[in-house]
Every structure is written in C-alpha cells, then in structure tokens.
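**Student:** Fold the following.
(chains A, B and C)
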Amino acid sequence: MSVPVPGMESLEWPHPDLQDDLARLRGRSPLVHCITNAVVTNFTANVLLAVGAAPAMVVSVEEAAEFVRIADALLLNVGTITVPDAEAMLMAAETAVATGTPWVLDPVAAGVLTYRTSVVGKLVGLRPTVIRGNASEILALNGLNGAGRGVDSTVASTDALPAAIELARGTGSVVALSGKVDYVTDGEQVVSVEGGHELMSRVTGMGCTLGALIAAFLPVSATPFRAAAAASAIFGAVGGDAAGRAGGPGSFAVGFLDRLSTIGLQDAFQGA
Amino acid sequence: MSVPVPGMESLEWPHPDLQDDLARLRGRSPLVHCITNAVVTNFTANVLLAVGAAPAMVVSVEEAAEFVRIADALLLNVGTITVPDAEAMLMAAETAVATGTPWVLDPVAAGVLTYRTSVVGKLVGLRPTVIRGNASEILALNGLNGAGRGVDSTVASTDALPAAIELARGTGSVVALSGKVDYVTDGEQVVSVEGGHELMSRVTGMGCTLGALIAAFLPVSATPFRAAAAASAIFGAVGGDAAGRAGGPGSFAVGFLDRLSTIGLQDAFQGA
Amino acid sequence: MSVPVPGMESLEWPHPDLQDDLARLRGRSPLVHCITNAVVTNFTANVLLAVGAAPAMVVSVEEAAEFVRIADALLLNVGTITVPDAEAMLMAAETAVATGTPWVLDPVAAGVLTYRTSVVGKLVGLRPTVIRGNASEILALNGLNGAGRGVDSTVASTDALPAAIELARGTGSVVALSGKVDYVTDGEQVVSVEGGHELMSRVTGMGCTLGALIAAFLPVSATPFRAAAAASAIFGAVGGDAAGRAGGPGSFAVGFLDRLSTIGLQDAFQGA
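**Tutor:** A predicted model of the protein is given here:
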C-alpha cells in the first residue's frame, strides 16, 4: 500500500456534533438542486424531504445554471447520463464553482463505460466539494487522476481506502467511499462508519441517496468533511434501524423514509 | 385587495355530489394522458390507478398529439421540463383545444426560472381548462397575465386568492390554488377545502398528483369547477386520513394509495 | 380459430424445475440491462434486486451498445419511447443479436400509436428471444407480422392465444401473453399460469416488471420458454400472496417486493 492511511476515527450516531448539524439542516431546510439518474429521482426527492431538506430537480440545459444560483447545494449523479444531461451537469458544475455553491459528484459506473467516464473526468477536473462512490468507482476515478489503478467491481471498500485518500489529495475533494464499511476522507483525516445492513443493497439507489444527503448537509456543516461524515453516520443508523424492522426490501424503503424523518427527534430512538 | 372575493363555500368530504362524481369516475375509468415531470411519473400513475382512472404517459413529440385524440383528459406539468417536453406539451395542448379535450396545467416553479415561465406563458395563452398551482405559482401566472404581481414563495394560499380569482377571470380557466387551505375558483364562485396534513408536504409530488386527480374528474364532473373541487376535497380527505395512520412520509405515501382506492366504497370510512 | 392450439399444460408454483431456476438466478445474480419506460424504472430495478438479479439502466445512444456486451440479458420496453430511446434500443438489440445475448421486447401500446408501432416492427424483425405483451399488443404484433388482425384492447388473453402461437411461429420468439390467465408459447408448446389478483392491475407497470423478470431468468433457465414460464409462475404466485395481505395498491406494491425477495427461501411460504 503506497499511500499511508492516516489515523482513523470511527464515527457513530448519536454524536453531539452531528445532532447539531441535523438540527441546523431541519431549521434551514437547504434547497438541494439535483441532476440525478432516472431510476432514483423520486426516492432521492423523498429522502431529502424526509430529512428536512428541499429538493428540486432542474435538469435542462436551459435552466440548470440559472437554478444553481438559487440553490444551497448541488448534486450531480451520472447514473443514466445522456448527452443533454452531461451538458447540463457541466454548466451546473461550472456555475457552482463560480458562485461557491458546494456540490457533490456521484460517478456511478465510472470506469465501466467510455462515455460517462469521459464526462466524469471533466467534472472531477472542476474539483467537486465531495465525491461519493463505491470502491470500483473510486479506484476508477483515482486512475483517471493519474495513479493508473484498474477497476475491480468486487473490491471491498477497505481495499480502496488508499485510492480514496490519494484521490482526495489530488483533487482537494472530500471523498466518501461506500461499502460494507463507509469511509470519509479529506486526504488528511479519515472516519469510518459501520452499520447499514445487507437490505440496503436490495433497494435501488441507496448509494445515490447518500450522495443527496451529503449535499443537504454541505450548507449546514462546518466543513465538507463533517457534512459527508454526518450524512454517512445518519444514513447508516437509519438504514440499520429500518432493516431491523423490515420484512424485505419493499417495507425497508418505506421504513427508511419514516425513520429518517424522525431520527434525532425522538428520545426513544438512539441509533441502529 | 383590489379584487373582490365572492361569497365562499366550504366543501367537505363526504358530500353527495362528489360521491356521485367519484362513482362515475370509477364506472368510466377515464383515460388520462399525462406529460408530467420525471420525479412523479410513477406516483402519479399509481394515484390515478388507485382512484379508478387509467393513466398513460405518452411524452414524445412524435406521439403526444396523436394520443390526445384518444384520451379523455390531459395533464401537463412542467416540473422537469426540457425543450422536447415543451414542444410535446404545446402540441398536446393545441390538439386538446381543437378536440375539446379538457386539460390541466400545473405550472411548477413558474416565475422562478426564465425558460419554463416562457413556456407556461404560451400554455396559459391556450386557456387550460384548469390551472393548479401553489400561491407563488398563481401569483406569477397572474403577473404574466398582466397584473404585475411579484413572486413570493412564502406566501399563504389565502393571500393569493385575489390573484387566483383575477387569473380565472382573465383566462376563463378554473384555478385550483393549493396550500394549507385549498381554494378553487372559476372567477365567480370560490370553494375552500380544509384538511390535508403537514405530512403531505413531506412526500414529493403530492401537489402534482392533485393536478392529475383533477384531470381524472374533468370527464365525469358536471363542470370543471366541480371537477377541481371534487378532486381537492377527496385529496384532502384521503391525505388527512392516511396521515393519521402513518409513521412518517414513507408509510404515508403507501397509505395514501390504499385509502384512495377505497374512499367512498366503505361505510366505515367517512372522510378525514 | 385458424391456428390450432397445441396441448397445453398448466403451471403452478411451487414446481421443482422453477425452484432450481430461481436458485440459479440467486446464485448467479445476472446483470440485466434495461432500457425501459420512465414510469417504471424505479420499480423495475427494485423488482430485479428483490428477486436476486442486478439491474442496470443504461439508456443513451453513447452507451447502450457498449453495455450490452457486459450484460447477461437485455430488456427493451417502449412505454414512453422517444426518438433517442428508439435509436438506443435498436443499437442495443442489434448488439444483443451479434453477441447472442438473450433479450425481451415489451411492446407497450403497439398498434395504438403510429411511431412506436413502427419502432416495434423493426425490433420484432430482429427476432427478440421473448416478446411479452397483453392481448391487444400481441394481436397488433401479429398483425404487423402479416396476419392482419386488428387491435382490441378489451380482448381477453385467451382470445389472443392463437395470435400468440402464430407470432411465435413467425418470429421464432417465445411469446408471453399476459392477462387474467397468462400464457407462454414457443409456437409448439403452451403453458398457462393462473393466479395473480385484480390488485396487480391497480399498480402501474406490473406487466412491465414481468418482462424484466423474464429477462432475469433467461441467463439461468434451460430454454427461453422455460425462463418465461418460470418468471410468469413466480410473478403470479408472489402477486397472489401479496394481494392477500394488502390493504390496497400501495401496500400491495410494498408487499410484492418483500415476498419476491423471500419466495422459495421459506418453507412456510408455498405459493399463492
């Protein structure tokens, strides 16, 4: 392992800092501009509403840049990207850079398909505030970034941690690496978040909605690192709790939204 | 307040006229052609099926006009509008005018974004049968209509009622104004519908689906005014009832579909 | 009836052959490439995840052919087709033919709208592994295929069985005909599947998701005929069971996903 892993902290909900961030999120209800994939638009919007944010899907080339100027944060997810989507995403990202609006890039299947890998390369060049992906995607992005690592879709998140740290150092982005254990790093610090549940991989777009949650925390957390950590910890706690009550993936998704809307508000609920 | 508010009636479910309309809707199962936003297509289709209508999302420029000739009603919702969507919507609306097919315009975020505001202006010029929007949208549309009012997204529906009446008088459309209290007006009569629940604002696209419900009632109600009133009253009653049984926004959306499919069919269920 | 109906077998879950196929599906988790309609993308992905497959919606002209080379099966569904969708579907189908990847065509509303009927005609000419449709769609496709039958959306699946057999013989495709009773035929054999429930027609895209399930079985079943039969039998059993526990269409869809994820895994659950 060529990249030294810095000292790592393990993060667990409940945690006073994260509870503060969540309370601020609910107080401010940040407007999160999403250009995301066709599979998860509805669930993403409902996750953002459940946590207390205000989602808005404004996706056309004609409107994307104009809306970034109004939004508190931006989420770009390339899951079902087309040429017009890519154009809108690049315009939105350039506007976000110009206005200082924090933004999250979710590079779904980067490294697997030529076209999206090229679009993602351009977006990474604009230095997202946060990049969220699974091990394969982070390895692919780090390859794009010059380190030349290949793609392995079966790799565990732990094995991609050095690539995540290197990617964070190379881009200045916070990297949120999702897997059985989630990691968040800014290239200097790393936190790990355990939790979640196997059921979370049986519902489409759970990872995509974590990207949206991170975007919602960016306007209210002290740093992008803390925003990504807060979103990951809450996501894992809600997921673990909802899975424990679910009869399968259908009732899990329903329960996830229910628990997300009350986490931190009920004394009776103390994490996973 | 420059526009005199006419005498207002408060409408509540259950109500014999609305029960008749709902029974006719279920008997006829009107075919509702929807060109709506990407976030709510699935939920909109499920709401229409739950109430007893037959939804069809036919969205391309190649097919939109042809399908209007088959449909019983048309819904246009600009929530995630693109240039091809706008072209399809204008062709559909022009066809609906030519064939006398009743249609609903949902001008999501009109007044906020330049492009859609221009498209909505053209659609309003075609005199929709019903316009459904929140206070900000109705104020914006009334501004387009010449009265020059600004946009205020925090305004209560009650404060936008004069604009709704003015818009109805100027366009000949019935205006359904959504908010904590819903109002329906044809410029002469006004009905108010109380009910609903805070949880309805925590599920994406509830307002959009009210637009779809109004479209479903248009072919079976005596007048567009009554169709909008019937849809609003049933929407509020089902929403209030489902909210009372829900553990959060996830189970609320599920329960909303369940209750909508049985409202009026069970003696045991008598409104919110 | 000009087409003789061959001897027919009735298929019921549980059935040892189908249980084997389902176990193989869960063991292999086939990658199912979907280009489907905008209404059902999310539900389709969740159905595929629930049964144990790996869905991927890759829809652009830039990526569709490249992804077919990675996928284990392909699903094409024309429900909300646009010109770019049609181009991507034709490229994907041509690639699937070249690579021998099994694929399913779901010709939603073929025969009703001119544009999609022409696209579907081209796709049928590429000889899909399986064609899944309701009675009207199968009658329309058989008309395209030269038999000249008209479209009747009120026809029962039983009345379209001769057309299904004829279509299967003319194209070499397995035809899965959906209705109150489902039929699967390769032109020589026919199986019928009873079951299901009226609630299945009150949730949008149930038929579309059956097409996706068939695609998931194609890489693991001995023949396309058996894949379509297995998917139909499991679909009906899960649907019947979930309907029996549901309070309406909302909770039915949730329960459908839950049951689909456990069918065959629990001794306690023995079909509808």
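**Student:** At the contact with chain C, which residues of chain A appear?
**Tutor:** Residues of chain A lying close to chain C by Cβ under 8 Å from any Cβ of the partner chain are A:37-40, A:42-43, A:79-83, A:109, A:112-116, A:201-205, A:246-251, A:253-254. Bear in mind the C-beta positions are built from the backbone N, C-alpha and C, glycine included.
**Student:** Those in strands, which ones?
**Tutor:** Using DSSP state E, no member of the residues of chain A next to chain C sits in strands.
**Student:** From what I see, residue A:54 and residue A:32 are in contact.
**Tutor:** Yes. Assessed by Cβ atoms under 8 Å, residue A:54 is found in contact with residue A:32 at 6.8 Å.
**Student:** Flag every residue of the stretch 51-200 of chain A that's near chain B.
**Tutor:** Checking the stretch 51-200 of chain A against chain B by Cβ under 8 Å from any Cβ, the hits are A:55-63, A:66-67, A:70, A:84.
**Student:** now those in CSV, with pLDDT?
**Tutor:** Shown next, in CSV, are these (pLDDT from 0 to 100):
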residue, pLDDT
A:55, 97
A:56, 97
A:57, 97
A:58, 97
A:59, 97
A:60, 97
A:61, 97
A:62, 97
A:63, 97
A:66, 97
A:67, 97
A:70, 96
A:84, 97
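**Student:** Mind checking which of these are buried?
**Tutor:** A:55-63, A:66-67, A:84 (16 or more other Cβ atoms under 10 Å in any protein chain shown).
**Student:** which one of these is nearest residue A:190?
**Tutor:** Top of the list for closeness to residue A:190, among these and by Cβ to Cβ, is residue A:55 at 29.4 Å.
**Student:** before we move on, which element is the closest one in?
**Tutor:** strand A:54-57 (DSSP states H and E).
**Student:** Paired strands for that strand, with orientation please.
**Tutor:** strand A:31-35 (parallel) (DSSP bridges).
**Student:** Going by neighbour count, list what's buried in the strand it pairs with.
**Tutor:** By 16+ other Cβ under 10 Å, the buried positions in strand A:31-35 come out as A:31-35.
**Student:** Compile these into JSON lines and extend it with columns for pLDDT.
**Tutor:** Formatted as JSON lines, those follow (pLDDT from 0 to 100):
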{"residue": "A:31", "pLDDT": "97"}
{"residue": "A:32", "pLDDT": "98"}
{"residue": "A:33", "pLDDT": "98"}
{"residue": "A:34", "pLDDT": "98"}
{"residue": "A:35", "pLDDT": "98"}
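**Student:** where's the strand holding residue A:55 relative to the chain centroid, distance-wise?
**Tutor:** For strand A:54-57, the separation from the chain centroid amounts to 15 Å (computed by Cα atoms, centre = their mean, to the nearest Å).
**Student:** Report the central residue of chain A.
**Tutor:** Geometric centre of chain A, nearest residue: residue A:211, 2.1 Å, by Cα atoms, centre = their mean.
**Student:** Okay, that one and residue A:40: tell me how far apart.
**Tutor:** 10 Å (Cβ to Cβ, to the nearest Å).
**Student:** And residue A:101, by the same measure?
**Tutor:** Taking Cβ to Cβ, one finds residue A:101 at 22 Å from residue A:40.
**Student:** same deal with residue A:140?
**Tutor:** Counting by Cβ to Cβ, the gap from residue A:140 to residue A:40 is 20 Å.
**Student:** So those two - more neighbours on which side?
**Tutor:** Neighbour count, other Cβ atoms under 10 Å in any protein chain shown: between residue A:140 and residue A:40, residue A:40 has more, with 30 against 27.
**Student:** Isn't that one up against residue C:43?
**Tutor:** No. Using Cβ under 8 Å, residue A:40 makes no contact with residue C:43, being 12.0 Å away.
**Student:** Could you list every helix and strand in contact with the longest helix along chain A?
**Tutor:** In chain A, assigned by DSSP state H, the helix with the most residues is helix A:224-245. On a contact count with 3 or more Cβ pairs under 8 Å, 6 or more residues apart in numbering or on different chains; DSSP states H and E, helix A:224-245 meets helix A:16-28, strand A:130-134, strand A:174-178, strand A:182-185, strand A:190-193, helix A:206-217, helix A:249-262.
**Student:** closest one to residue C:196 among these?
**Tutor:** The nearest among these, by Cβ to Cβ, is helix A:249-262 at 17.7 Å.
**Student:** residues in contact with that closest one?
**Tutor:** A:43, A:46-47, A:50-52, A:199-200, A:202-203, A:234, A:238-239, A:241-243, A:245-246, A:269, B:202, B:246-251, B:253-254, C:46, C:49-50, C:253-258, C:261 (Cβ atoms under 8 Å, 6 or more residues apart in numbering or on different chains).
**Student:** Now do the buried residues in that helix.
**Tutor:** A:249-261.
**Student:** And for stretch A:21-33?
**Tutor:** Here stretch A:21-33 shows A:21-22, A:24-25, A:29-33 as buried, counting by 16+ other Cβ under 10 Å.
**Student:** For the residues you listed, work out which two are farthest apart.
**Tutor:** Most distant of the buried residues of stretch A:21-33, by Cβ to Cβ, are A:22 and A:33, 20.7 Å apart.
**Student:** which one is the residue of the stretch 51-200 of chain A at minimum distance from chain C nearest to, not counting chain neighbours?
**Tutor:** For the stretch 51-200 of chain A, the residue closest to chain C is residue A:115, as judged by Cβ to the nearest Cβ, at 3.9 Å. Using Cβ to Cβ, 6 or more residues apart in numbering or on different chains and skipping the chain neighbours, the partner closest in space to residue A:115 is residue C:62 (3.9 Å).
**Student:** So, low pLDDT: which residues of the stretch 101-250 of chain A?
**Tutor:** Across the stretch 101-250 of chain A, the ranges flagged by pLDDT under 70 are A:145-154.
**Student:** coming back round to it: need the next SSE after the strand holding residue A:55, C-terminal direction.
**Tutor:** With elements assigned by DSSP H and E, the helix or strand that comes after strand A:54-57 is helix A:64-68.
**Student:** for that following helix, packing partners?
**Tutor:** Short answer (3+ Cβ pairs under 8 Å, 6+ apart): helix A:64-68 packs on strand A:31-35, helix A:83-99.
**Student:** After it, which helix or strand is next?
**Tutor:** Criterion used, DSSP H and E; the element after helix A:64-68 is strand A:73-77.
**Student:** now the angle between helix A:206-217 and that next one, please.
**Tutor:** With axes from the mean of the first three to the mean of the last three Cα atoms, to 10 degrees as the basis, strand A:73-77 and helix A:206-217 are set at 160 degrees to each other.
**Student:** so what's residue A:211 closest to, chain neighbours aside?
**Tutor:** Residue A:211 sits nearest to residue A:106 (Cβ to Cβ, 6+ apart), 4.0 Å away.
**Student:** Give me the phi and psi angles of the one you found.
**Tutor:** Backbone torsions for residue A:106, taken as degrees, to the nearest 10, come to phi -110, psi 100.
**Student:** quick one: it from chain B, how far?
**Tutor:** From residue A:106 over to chain B the distance is 17 Å, taken as Cβ to the nearest Cβ, to the nearest Å.
**Student:** Is that residue in contact with residue A:80, as I believe?
**Tutor:** No. At 11.9 Å, residue A:106 does not count as touching residue A:80 under the criterion of Cβ under 8 Å.
**Student:** Compare the two (neighbour count), which wins?
**Tutor:** Neighbour totals were compared for residue A:106 and residue A:80, and residue A:106 leads with 31 against 23 (other Cβ under 10 Å).
**Student:** Identify the bridge partners of the more buried one.
**Tutor:** Under the criterion used (DSSP bridges), residue A:106 bridges to residue A:77.
**Student:** can you pull the contacts of it?
**Tutor:** A:36, A:75-79, A:131-133, A:207-208, A:211 are the contacts of residue A:106 under Cβ under 8 Å, 6+ apart.
**Student:** isn't residue A:84 right next to residue B:82, touching?
**Tutor:** Yes. Using Cβ under 8 Å, residue A:84 is in contact with residue B:82, at 7.0 Å.
**Student:** Common neighbours of these two, please.
**Tutor:** With Cβ under 8 Å, 6+ apart, residue A:84 and residue B:82 have common neighbours A:60-61.
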